[in-house]
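**Q** Have a look; sequence and predicted model below, questions after that.
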Amino acid sequence: MARMNKNNLRIATAIIVSGLGVFISYLINFLLTPYITDNIGIEAYGFVSLAKNFVNYAQIATIAITSFVVRYISVSYHERKMQEANEYYSTSVIACVALAGVIFISALLLITKIDLLLNVPQNLIFSVKLLFLIVFLNFVLTTATTPFTTAAYIKNRLDITGIIKIIAYLVDAGVMVILFINCTPNVWFVGMGSLAASVVTFICTYILSKKLVPELVFNKDFFSVSKLKNLVGNGIWNSLNSLGNELNSGLDLIISNLFLNGVATGQIAVVKTIGTMFSMLYEVVYQPFQPNLIKAYASGDVNIFINEQKKAMRICGYFSNVAFAGFVALGGLYYKLWLPSEDTKLLHMLTIVTVLGSVTAGVMRPIYYVYTLTLKNKLPCWITIAGGFLNVVSMYVLLKYTQMGVYAIVSTTTVIMLCINLFFNPVYAAYNLKISVKVYYKVIFKHLISAAIMVGGFIGIARVIRPSGWVGLIVSAIIMCISGLIIHVLIMCNMDEKLFLIKKITKRK
């Protein structure tokens, strides 16, 4: 019981710290995005997201190595196979650095011809090339950091990595503020902030790795071709899965740049910034559960694993539901206050369509991890790729033969991902664990009911309070978070869990 309470405390601490990190990241975007768009223009800002998308394409290759690093090292460590753990550790360090270096050299050739690949205004060509160069340097650093993050998973200290992220976000903001205040505003300043943050993250993560798990030792003689084959053999399917994800959402800005115009690309870039914040939210809420999920799976007891997974699904689902319902109710006012010079109604509607998928993505996060743990990720990969190709074709058809415009870009992605999350992932995950699919669908069905009630309830709250400024928006959001928690607990928890919570609350009083 004491160990369970300690684990729950670690999870809660990690969620709080990570949530604080997301809030700080959001605050940075919130404060700096209007300034950046006002000084360099929304068209130039669109290239920031485009550069990051190109890095996402490069990460498709590195995911073949990085996606299973934590899994193999952690499982070997928990099974007390230290020689094997060190072989995976050393192999992953060498492979990550080597592959990232090769990709960076290849990217240099692309950067020199970037104005031939994209529609770049003449006055922005040098700045955009410099932005891409810095963003790819950042990519090398983040890839090299991956093996060192394993220590935090092994020792269940993701709360510390959350603190490191907060420091990195502050460094990111500090560098950008210094550059924008003291120099002529330029689009590549955004890349410099990210690069500085990655340097800090690398140094802190390396030191943390040595402190938490000194048994993990890098030695070039520990490099193992067989261990690399294991990492790549399973990771290649995650790479292909990432390719499918990029086809589903990562090509939005490129297609917009080629088929629509710079303003539309900038609008979608702003909307995707909010979408990224949603993704970060349920990612940081879910991550603290990973160490316990790894340990539960390594125990071989499927019931222990399912209990941990269902707990993670309910908690992740609460955050994704509150975020989505809150944005439906308050998003219009949010954009009016944040970007008053832009088409706020269009941005609000585009964002709702974009983040609609978060209703299922949040609760599905723990289900996705089944494929990593069971090494059964081939079929999900092909499904994602098929969905990605369907998405690209659908976007092209809608843009060419309808008047949907920017809505064609964001709507196809959402519809396809909702279908995959609702009709494939729960079924296949249950099949791999040899459990009834009802186990998952019971949680998902209640989750969707919770989401629907929150949307209706939050819209009602907004109409009663009628917020018109930042204070009113924040007060309304706090009320919605509290009421959303009540709604979610009433719907998602069984009677025993509700009685337990009541007992805990009354005991504290």
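**A** All right, it came through fine.
**Q** for Phe278, phi and psi?
**A** phi -60, psi -50 (degrees, to the nearest 10).
**Q** Isn't Phe218 up against Val93?
**A** Yes: counting by C-beta atoms under 8 Å, Phe218 touches Val93, with 5.5 Å between them. (Glycine included, C-beta is placed from N, CA and C.)
**Q** the more surrounded of the two?
**A** Val93 (20 against 16; other C-beta atoms under 10 Å).
**Q** helix/strand/coil for that one?
**A** helix (DSSP: H, G, I helix; E, B strand; the rest coil).
**Q** Pull up the per-residue confidence for it.
**A** At Val93, the model reports a pLDDT of 89.
**Q** how near is the closest residue to it other than its chain neighbours to Val217?
**A** Closest residue to Val93 apart from its sequence neighbours, by C-beta to C-beta, 6 or more residues apart in numbering: Pro147 at 4.8 Å. With distances taken as C-beta to C-beta, to the nearest Å, Pro147 is found 12 Å from Val217.
**Q** Comparing those two, which residue is more hemmed in?
**A** Pro147 (28 against 13).
**Q** show me the contacts for that one.
**A** By C-beta atoms under 8 Å, 6 or more residues apart in numbering, the residues touching Pro147 are Val69, Ile73, Tyr89, Ser92, Val93, Cys96.
**Q** who touches both of Pro147 and Val217?
**A** When contacts are counted by C-beta under 8 Å, 6+ apart, Pro147 and Val217 are jointly contacted by Tyr89.
**Q** which stretch of helix or strand covers Thr145?
**A** helix 125-145 (DSSP states H and E).
**Q** correction: Asn292
**A** helix 290-299.
**Q** Can you list the buried residues in that helix?
**A** In terms of neighbour count (16 or more other C-beta atoms under 10 Å), helix 290-299 has its buried residues at Gln290, Pro291, Asn292, Leu293, Ile294, Lys295, Ala296, Tyr297, Ala298.
**Q** what's the distance between that helix and the middle of its chain?
**A** 21 Å (C-alpha atoms, centre = their mean, to the nearest Å).
**Q** export it as CSV, just CAs?
**A** Extracted in CSV, the C-alpha atoms of helix 290-299 (Å, rounded to 0.1, in the frame of the first residue of the first chain):
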residue,chain,number,x,y,z
GLN,A,290,4.7,5.1,-18.6
PRO,A,291,7.2,3.8,-15.9
ASN,A,292,4.4,2.0,-14.0
LEU,A,293,3.0,0.6,-17.3
ILE,A,294,6.5,-0.7,-18.2
LYS,A,295,6.9,-2.3,-14.8
ALA,A,296,3.4,-3.7,-14.8
TYR,A,297,3.9,-5.3,-18.2
ALA,A,298,7.3,-6.7,-17.2
SER,A,299,5.6,-8.4,-14.2
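**Q** what's that helix packed up against?
**A** helix 69-78, helix 150-154, helix 302-338, helix 358-374 (3 or more C-beta pairs under 8 Å, 6 or more residues apart in numbering; DSSP states H and E).
**Q** For the ones you listed, give me a markdown table that also has distance to Val232, mean neighbour count and mean pLDDT.
**A** Below are those laid out as a markdown table (distance: least, C-beta to C-beta, whole Å; neighbours: other C-beta atoms under 10 Å; pLDDT from 0 to 100):
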| stretch | distance to Val232 | mean neighbour count | mean pLDDT |
| --- | --- | --- | --- |
| helix 69-78 | 11 | 22 | 83 |
| helix 150-154 | 17 | 25 | 84 |
| helix 302-338 | 26 | 21 | 91 |
| helix 358-374 | 15 | 23 | 86 |
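**Q** Would you convert these into TSV that also reports distance to Met192?
**A** Formatted as TSV, the helices and strands packed on helix 290-299 follow (distance: least, C-beta to C-beta, whole Å):
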stretch	distance to Met192
helix 69-78	28
helix 150-154	27
helix 302-338	24
helix 358-374	30
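**Q** remind me which residues of the protein are low pLDDT?
**A** Applying pLDDT under 70 to the chain flags residues 1-11, 36-37, 39-45, 246-251, 262, 495-509.
**Q** Please identify the helix or strand for Val455.
**A** helix 438-465.
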